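Asker: my questions are about this predicted structure, shown below with the sequence.
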Amino acid sequence: MASAELPRPAPGAAARAAWPVSDYDLAATLDSGQAFRWQRVGAGWEGVVAGRWVRLTAAPERIEAETAVPQTSWDWLADYLQIRVELAPIQASFPDDAPLRSAVAACRGLRLLRQEPWECLASFILSSTKQIVHIRQIVETLCQRYGEPVAVPAGQAAAFAFPTAARLAAGTEAELRACRMGFRAPYLLAAAQRLAAGDLDLAGLAGRPLAEARAELMRLDGVGRKIADCVLLFAVGFQQAFPVDVWVAKALRELYFRGRRVAPRKLLVFSESHFGPHAGYAQQYLFHYRRTQATRTVRP
């Protein structure tokens, strides 16, 4: 469907909205490796959420949003941004240790997003062994080739929704490899085919125990515990899920084990027992803290 064919604005709708916020760092939240479709443009951030082009801007004590098509409700974006979440009770549940205090202080206002499960799963399948900048490039290419165009403001570059599982399931591995995703192509194709066939119920994961939901995702080829926990944390709402990737493993070893070589299994056991009911939030603070500290270290 071309941009000109998108629905006409409804009476009383608006293309701009604003929410009062406190303790919300928009830049850290959108650029912390949990989502891959946001680009910094001038003073704001542009991306596509729920099939809508969105521009977000952080202003004093509020977040401002703009869309190309007026909206009668903004609940979809408020939920995605987790605007109504209060950080204080979450942080109060953390263990009182020096590494986590430092991470929280350095990443004040960092939030977890609530993403669409299929887009989150597909994006993290594509993330395997890739840096964030490369993941964004692969995801953007995939959207340009297989996603539906979305309405954008006049003069704005074209934007595309994330492709549906059915659209990707109808393609071939060779076509997906042309998006420069390499060995990840068959994994993405298989996941899309299972979802399109009704063999994978992403919506139903929220109603299952964490271990069962994780095991269901790990039945997919190319989905290990880290990718499964990313989906459960960033899209399904399991805040006790604690994804452990290379960055997080380094952070745990350096901050909690004095740099010693610790077996991955021991790190998992530690993460499950140490960080409490909002362990996923703690993980995101540690991940972003470790990544930004490393970035600052290598700068001249």
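Answerer: Structure received.

Asker: same for the strand ranked longest in the chain, what does it pack against?
Answerer: Counting residues, the longest strand found in the chain (DSSP state E) is strand 62-71. Based on contacts counted as 3 or more Cβ pairs under 8 Å, 6 or more residues apart in numbering; DSSP states H and E, the elements that strand 62-71 packs against are strand 14-20, strand 52-59. C-beta: built from backbone N, CA, C; applies to glycine.

Asker: ends of stretch 147-163, how far apart?
Answerer: 4 Å (Cα to Cα, to the nearest Å).

Asker: that one: which residues count as buried?
Answerer: 147-152, 159-163 (16 or more other Cβ atoms under 10 Å).

Asker: just the closest of these to residue 262, please.
Answerer: residue 162 (36.6 Å; Cβ to Cβ).

Asker: which residues does the closest one contact?
Answerer: Residue 162 is in contact with 37, 48, 116, 118-119, 122, 139, 142-143, 147, counting by Cβ atoms under 8 Å, 6 or more residues apart in numbering.

Asker: so which of those are in helices?
Answerer: Mapping the contacts of residue 162 onto helices (DSSP state H) picks out 118-119, 122, 139, 142-143.

Asker: turn those into a markdown table, including neighbour count and distance to residue 276.
Answerer: Converted to a markdown table, the ones in helices among the contacts of residue 162 look like this (neighbours: other Cβ atoms under 10 Å; distance: Cβ to Cβ, whole Å):
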| residue | neighbour count | distance to residue 276 |
| --- | --- | --- |
| 118 | 21 | 29 |
| 119 | 23 | 28 |
| 122 | 24 | 30 |
| 139 | 22 | 32 |
| 142 | 22 | 36 |
| 143 | 21 | 36 |
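
Asker: buried residues of stretch 128-135, list them for me.
Answerer: Quick answer for stretch 128-135 (16+ other Cβ under 10 Å): 128, 130, 135.

Asker: isn't the first one up against residue 221?
Answerer: Same thing as residue 128. No: using Cβ atoms under 8 Å, residue 128 is not in contact with residue 221; the gap is 11.5 Å.

Asker: in the protein, which spans are strands?
Answerer: Using DSSP E, strands in the chain cover 14-20, 39-41, 44-49, 52-59, 62-71, 149-150, 159-160.

Asker: could these be laid out in JSON lines, adding mean pLDDT and distance to residue 210?
Answerer: Below are the strands of the chain laid out as JSON lines (pLDDT from 0 to 100; distance: least, Cβ to Cβ, whole Å):
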{"stretch": "strand 14-20", "mean pLDDT": "94", "distance to residue 210": "30"}
{"stretch": "strand 39-41", "mean pLDDT": "96", "distance to residue 210": "33"}
{"stretch": "strand 44-49", "mean pLDDT": "98", "distance to residue 210": "26"}
{"stretch": "strand 52-59", "mean pLDDT": "97", "distance to residue 210": "31"}
{"stretch": "strand 62-71", "mean pLDDT": "96", "distance to residue 210": "30"}
{"stretch": "strand 149-150", "mean pLDDT": "98", "distance to residue 210": "34"}
{"stretch": "strand 159-160", "mean pLDDT": "98", "distance to residue 210": "33"}
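
Asker: which residues does residue 256 contact?
Answerer: Residue 256 neighbours (Cβ under 8 Å, 6+ apart): 97, 99, 270, 274.

Asker: what about 7 Å?
Answerer: residue 99 (Cβ atoms under 7 Å, 6 or more residues apart in numbering).

Asker: if we can go back for a sec, residue 184: which of the buried residues of stretch 128-135 is nearest?
Answerer: residue 128 (5.9 Å).

Asker: quick one, what contacts the closest residue to residue 187 other than its chain neighbours?
Answerer: Counting by Cβ to Cβ, 6 or more residues apart in numbering, residue 187 lies nearest to residue 222, which is 2.9 Å off, once chain neighbours are set aside. By Cβ under 7 Å, 6+ apart, residue 222 lies in contact with 125, 128, 184, 187.
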